[in-house]
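1. coordinates only, sequence not included:
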C-alpha cells in the first residue's frame, strides 16, 4: 500500500510531492464522497492514510475523468449511473476527438478513441484503468482556476456553434445548451451529442411539470 501522493506520482509520472499536492487535494475530495476506500495506520502523532493497489485503479480513473468533469459529484455519478456515463462518453467524443492538441497538451488519437469507446462499453471503472490520452494531466497544466473545456474554448477566437453548446452543457446551463443545439443542423458529426442535450432538456421539463402537478 502507498500514501495517496505517492500513488499519484507513480500512476501519472509526477516527480515531486509539491507538484502532486493539487491532485492529492482532488483525490481527497473523492475519498470524502466515498468513491474509493483508504486504510489508516496509527502513527506517533497522527494516523497515516494509505490506498491499496485495487483502489488505486479507482483513483486513477477518477482523476482522469476529473480532467474534464471538475465536480467530484459528477465524476462519482459516471462511476455509478449508466446514464451519466453515457452522457460523459458523448461529451468526451465531442470535445476531444478530431483534435490534435488542447492548449498545448498532446492528445494521442488512438488513446482518445479508446477512452470514449471504453466509457460507451462495459468497461469496469472499479477494476480496469481507462486509456489515458494525455501526456500530462490537464489539471497539472491548468491548475485549480480553469478546466479543460474552458481552456480548449479559449484557443478559438470565435466559438463555433458546437463549442458554444459544449460550453453551456458543461457549465450546467441545460436550457442555454438546448437553445443553441436547436440552431445546429443535425447532419453534423456531433448529432448524437446534440440529441443528448435535447433529450436531457426534455427530461428536465417533464420532471419540472411533474413537480408542479404534485404540489
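-> Yep, that arrived. None of the values given here were measured: they were computed from a predicted structure. Numbers count the residues shown, from 1 in each chain.
2. Residue 122 belongs to a helix, doesn't it?
-> No: secondary structure of residue 122 (DSSP: H, G, I helix; E, B strand; the rest coil): coil, not part of a helix.
3. Tell me the predicted confidence for it.
-> Predicted confidence (pLDDT) at residue 122: the value is 87.
4. Please apply the same query to the one 5 residues further on.
-> At residue 127 the predicted local confidence, pLDDT, stands at 95.
5. One more: residue 156?
-> Looking at residue 156, its pLDDT stands at 49.
6. go on, residue 144?
-> For residue 144, the predicted pLDDT is 58.
7. repeat for the one 3 residues further on
-> Reading off the confidence values, residue 147 has pLDDT 62.
8. repeat for residue 165
-> We have a pLDDT of 81 for residue 165.
9. can you check residue 97 too?
-> Note on residue 97: pLDDT of 69.
10. and what of residue 213?
-> Residue 213 carries a pLDDT value of 74.
11. what helix or strand is it on?
-> helix 191-214 (DSSP states H and E).
12. And stretch 34-43, what's buried?
-> In terms of neighbour count (16 or more other CB atoms under 10 Å), stretch 34-43 has its buried residues at 35, 36, 38. Bear in mind the C-beta positions are built from the backbone N, C-alpha and C, glycine included.
13. Just send the residues you listed back as a markdown table, with secondary structure and distance to residue 115 too.
-> Conversion of the buried residues of stretch 34-43 to a markdown table gives the following (DSSP: H, G, I helix; E, B strand; the rest coil; distance: CB to CB, whole Å):
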| residue | secondary structure | distance to residue 115 |
| --- | --- | --- |
| 35 | coil | 19 |
| 36 | coil | 20 |
| 38 | coil | 26 |
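14. so which of these comes closest to residue 139?
-> Closest approach to residue 139 among those (CB to CB): residue 35, at 16.4 Å.
15. excluding its backbone neighbours, what's nearest the closest one?
-> Sequence neighbours aside, residue 76 is the residue nearest to residue 35 in space, at 5.0 Å (criterion: CB to CB, 6 or more residues apart in numbering).
16. end to end, how far does stretch 117-133 reach?
-> 13 Å (CA to CA, to the nearest Å).
17. for stretch 125-133, that is, sorry about that
-> End-to-end for stretch 125-133, by CA to CA: 16 Å.
18. shouldn't the residue nearest to residue 35 be in contact with residue 32?
-> No: judged on CB atoms under 8 Å, residue 76 makes no contact with residue 32 at a distance of 10.5 Å.
19. More neighbours: which of those two?
-> More crowded of residue 76 and residue 32, by other CB atoms under 10 Å: residue 76, with 20 against 9.
20. Before we move on, what's the pLDDT of that one?
-> Looking at residue 76, its pLDDT stands at 95.
21. so it is in which element?
-> Assessed by DSSP H and E, residue 76 sits inside helix 72-80.
22. buried residues in that helix?
-> Neighbour-count burial for helix 72-80 flags 72, 74, 75, 76, 77, 78, 79 (criterion: 16+ other CB under 10 Å).
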